[in-house]
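[1] predicted model and sequence below, questions to follow.
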Amino acid sequence: DVKVTQSSRYLVKRTGEKVFLECVQDMDHENMFWYRQDPGLGLRLIYFSYDVKMKEKGDIPEGYSVSREKKERFSLILESASTNQTSMYLCASSLTANTEAFFGQGTRLTVV
Amino acid sequence: AQRVTQPEKLLSVFKGAPVELKCNYSYSGSPELFWYVQYSRQRLQLLLRHISRESIKGFTADLNKGETSFHLKKPFAQEEDSAMYYCALSGWGWGKLQFGAGTQVVVTP
């Protein structure tokens, strides 16, 4: 059974803090994704990675960066958190392009 | 540009009634289309994908390339179908998985 695990369910951070969201998958998947989920906007892709150290910007990369040093781990970094980054963040992985994506349980981030 | 449109934010249906969730897409090549579902307090999960042509939990979806649509249908809605449904698109060899805004389905007894 594929497991995608996000390190925190809930986070509260202050404006201007550097925030790290961690995601680990245990099925040797090539692709990993970070989305944010907002009511009425659906899931918007922030970044995705198709291999170690490889990354591509998604639709809303501004204010975010990512790191993939190992195949199983994909980190999302908020360089300087702002209140408009308050959201639910979802990590996902898939074996290859066009195969099923498996999602983590989500991290609810609140920036105050 | 690639785009997935789900025009309905909320669908409210009675138990036993048919339900159809609309999804339209724009993509210049041959896309892979998916429906994902998120039940209350559960993680997002795959419901079905067009290439498998399966019926999952009584749901079916047909890819209409002429109308660039991938509507999800079920002839008789059940209360356990209440959830948020997302249509998603991935291009072959592309890897990026793009979602629509989602449709909340509420099935009332």
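    Yep, it's here.
[2] only C-alpha atoms for contact and neighbour calcs from this point on.
    Fine.
[3] for B:Ser82, see how far away the nearest residue to B:Ala83 once chain neighbours are set aside is.
    Sequence neighbours aside, B:Tyr39 is the residue nearest to B:Ala83 in space, at 4.7 Å (criterion: C-alpha to C-alpha, 6 or more residues apart in numbering or on different chains). Here the criterion is C-alpha to C-alpha, to the nearest Å. By it, B:Tyr39 lies 7 Å from B:Ser82.
[4] more neighbours, these two?
    Shown here are B:Tyr39 and B:Ser82; by other C-alpha atoms under 10 Å in any protein chain shown, B:Ser82 has more neighbours (20 against 14).
[5] for burial, what's the neighbour tally of B:Ala101?
    The local packing of B:Ala101 (other C-alpha under 10 Å) involves 24 other residues.
[6] could you do B:Cys23 as well?
    Neighbourhood size, B:Cys23 [other C-alpha under 10 Å]: 25.
[7] OK, contacts around it?
    Shown in contact with B:Cys23 (C-alpha atoms under 8 Å, 6 or more residues apart in numbering or on different chains): B:4-7, B:69-72, B:87, B:100.
[8] now do residue 46: how many residues are near it, please.
    Since no chain was named, I'll use chain A. 23.
[9] if you could check chain B rather than the one you did, that'd help
    A count of nearby residues for B:Leu46, using other C-alpha under 10 Å, gives 16.
[10] give the other helices and strands that the strand or helix carrying it contacts.
    Using DSSP states H and E, B:Leu46 sits in strand B:45-49. Applying 3 or more C-alpha pairs under 8 Å, 6 or more residues apart in numbering or on different chains; DSSP states H and E, we find strand B:45-49 packed against strand A:101-103, strand B:31-38.
[11] partner strands of it, with direction?
    Strand B:45-49 has the following strand partners under DSSP bridges: strand B:31-38 (antiparallel).
[12] buried sites along the partner strand?
    Using 16 or more other C-alpha atoms under 10 Å in any protein chain shown as the test for burial, strand B:31-38 gives B:31-38.
[13] tell me the one among the residues you listed nearest to chain A.
    Nearest to chain A among the buried residues of strand B:31-38 is B:Glu32, at 6.3 Å by C-alpha to the nearest C-alpha.
[14] which residue packs closest to the closest one, ignoring adjacent ones?
    Leaving aside its sequence neighbours, B:Glu32 sits nearest to B:Ser90 (C-alpha to C-alpha, 6+ apart; 5.1 Å).
[15] and the one you found, bridged to which residues?
    Those that pair with B:Ser90 in a beta bridge, by DSSP bridges, are B:Glu32, B:Leu97.
[16] hang on, it packs against B:Lys96?
    Yes - contact status for B:Ser90 versus B:Lys96: in contact at 5.9 Å, counting by C-alpha atoms under 8 Å.
[17] mind listing the shared neighbours of the two?
    Common contacts of B:Ser90 and B:Lys96 (C-alpha under 8 Å, 6+ apart): A:Ala97.
[18] residues from chain B in reach of chain A?
    B:9, B:32, B:42-46, B:86, B:90-102 (C-alpha under 8 Å from any C-alpha of the partner chain).
[19] I'd like to know which of those residues are buried.
    Buried by 16+ other C-alpha under 10 Å: B:9, B:32, B:44-46, B:86, B:90-91, B:95-102, out of those.
[20] of the contacts of B:Cys23, buried ones?
    B:4-6, B:69-72, B:87, B:100.
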